[in-house]
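**Q** need a 3D model of the following:
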Amino acid sequence: MRTDSKAEVGDAGDRGRAVGSLMALTGDMERLDEYMRDKRFAPQLAVWALRGVTRVILANNPLSGALMLVALYWASPWQGLLGTAGLLTSTLVAVILGQDRAEVWGGLHGFNGMLVSLLMGAFNSAGDWYWWLLLPACLGSATSVFFFSGLSSVLDRWDVPVAVFPFNMVIVLYFLCTGPDNPYFPHRLAVPPSSAPPNVTALSVAEVLQGVPLGVGQIFACGSLGPSLLILAGLCLYSPLQAVHALLGSAVGTLAGLSMAVRHECLYSGLSGFNGALGCMAVGGLFFSFSWRTHLLAIASAFLSAFVDIALSNLLGAMGLPACSWAATLTATLLLLLPGGMSAYRIPLARVRAPERNLRSRSRWEAGSAAERNSTDV
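**A** Predicted structure coming up:
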């Protein structure tokens, strides 16, 4: 009997170690940073870059980044190459300029550069494998590092993330400097929703439902279903709660697009949902600890992001400019500055981790605060 009990304990221990090893691959994978500290520069750069890939979608897991990068190459090898070039350029420029080590290690200087190059490729009218485009993609990605550093010195005073402000600013400057008739870097003009012809075909419910996961892929300027599902799987590896909020926010954004009678193509392609997905993820457990109040605020953030996106698409589209992710960025920033009761759920930027860990950390903070109050009562 003793032998049987020892065997059961051993099996339980093996299962516990196996589960622990699998759990170490989820969330922020902080143990990996400790392991990589004394490694060579090339593998360190790979980890920093993969973290930068996931930062695009408000995550921080290099394995998730590998899945998302595979998804980009699956959807379009040319877009994958552009994204990789922008990602590595901005990361290396940050290293050369001696930017904060924690920011570089966390991929915070890579994701804006990646988005800049991806959007340049998505709106490029010269076709795939137009090698000249690598020049502005790399220059724009490098410029995003300067924007990030300058904005961080201002926004840090309010403990607000720089987010994708650099990407939105650089891409607008690029489109204003070039144009559809530029002989070297031509691009397509964005069409404002208000100027598009009214919908003349019946709405396809199946395509609208397909547009919900595509809204998650459109965060990477990816409009293919298979790669979008792989991106969603990578996000789920980082945080199931974050993946749920991404789908929920995309669905809410699609619903907002339906209420405004936007073009069916926007609904089918996921363009109506991606700002809602970003707005919902930012509030639903990442920068706010998860609760029923913040969950409702996340849904409200998704609706507001989607409606602001429609308004900005009409405004910027009149000049041929895409609205990009201005809507979600501005909405999330304003919500992070909310005073009153909701500010109690704010997580300091230095402590932001995966939503599940944020929830556990908040429970420990509250327990510690309660114990401190009890110890000081007379």
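
**Q** domain ranges for this protein, per the record?
**A** Residue ranges of the domains in the chain are recorded as 39-188, 194-378, according to automatic domain parsing.

**Q** so for Glu30, which of those domains sits nearest?
**A** Judged by CB to CB, the one of the domains of the chain that comes nearest to Glu30 is domain 194-378, at 8.3 Å. Bear in mind the C-beta positions are built from the backbone N, C-alpha and C, glycine included.

**Q** contacts for stretch 88-99, please.
**A** Residues lying outside stretch 88-99 but in contact with it, judged by CB atoms under 8 Å, 6 or more residues apart in numbering, are 45, 48-49, 52, 103-104, 107, 109-110, 112-114, 116, 137-138, 141-142, 144-145, 149.

**Q** got the contact list for Phe288?
**A** Under the criterion of CB under 8 Å, 6+ apart, the neighbours of Phe288 are Thr294, Leu297, Ala298, Met342, Tyr345, Arg346, Ile347.

**Q** list the buried residues of stretch 95-103.
**A** Along stretch 95-103, the positions that meet the burial threshold by neighbour count (16 or more other CB atoms under 10 Å) are Val95, Gln99, Glu103.

**Q** ok, stretch 226-236 next?
**A** When burial is assessed from 16+ other CB under 10 Å, stretch 226-236 yields the following buried residues: Pro227, Ser228, Leu230, Ile231, Leu232, Gly234, Leu235, Cys236.

**Q** with stretch 349-358 instead?
**A** Using 16+ other CB under 10 Å as the test for burial, stretch 349-358 gives Val352, Arg353, Ala354, Pro355, Glu356, Arg357, Asn358.

**Q** equivalent analysis for stretch 288-307, please.
**A** Along stretch 288-307, the positions that meet the burial threshold by neighbour count (16+ other CB under 10 Å) are 288-290, 294-295, 297-307.

**Q** cool, and stretch 257-274?
**A** Judged by neighbour count using 16+ other CB under 10 Å, the buried positions of stretch 257-274 are 257, 262-264, 266-274.

**Q** in CSV: the residues you listed, plus secondary structure, pLDDT and distance to Leu241.
**A** Formatted as CSV, the entries for the buried residues of stretch 257-274 read as follows, by DSSP: H, G, I helix; E, B strand; the rest coil; pLDDT from 0 to 100; distance: CB to CB, whole Å:
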residue, secondary structure, pLDDT, distance to Leu241
Gly257, helix, 93, 25
Val262, coil, 89, 29
Arg263, coil, 89, 32
His264, helix, 90, 31
Cys266, helix, 91, 27
Leu267, helix, 93, 26
Tyr268, helix, 94, 27
Ser269, helix, 93, 26
Gly270, coil, 94, 21
Leu271, coil, 94, 25
Ser272, coil, 93, 23
Gly273, coil, 94, 18
Phe274, helix, 95, 19
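
**Q** in a markdown table, list the residues you listed along with distance to Ala328.
**A** Shown next, in a markdown table, are the buried residues of stretch 257-274 (distance: CB to CB, whole Å):
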| residue | distance to Ala328 |
| --- | --- |
| Gly257 | 14 |
| Val262 | 17 |
| Arg263 | 20 |
| His264 | 22 |
| Cys266 | 16 |
| Leu267 | 18 |
| Tyr268 | 20 |
| Ser269 | 17 |
| Gly270 | 14 |
| Leu271 | 13 |
| Ser272 | 13 |
| Gly273 | 11 |
| Phe274 | 8 |
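
**Q** let me see the ranges of the helices in the stretch 1-150 of the chain.
**A** 2-23, 30-36, 41-55, 62-75, 77-96, 101-105, 111-123, 134-155 (DSSP state H, counting those that start in this stretch).

**Q** from Leu32, how far out is the residue nearest to Ala46 when sequence neighbours are not counted?
**A** Setting aside the residues directly before and after it, Ala46 is nearest to Pro62 in space (CB to CB, 6 or more residues apart in numbering), at 8.0 Å. Counting by CB to CB, to the nearest Å, the separation of Pro62 from Leu32 is 7 Å.
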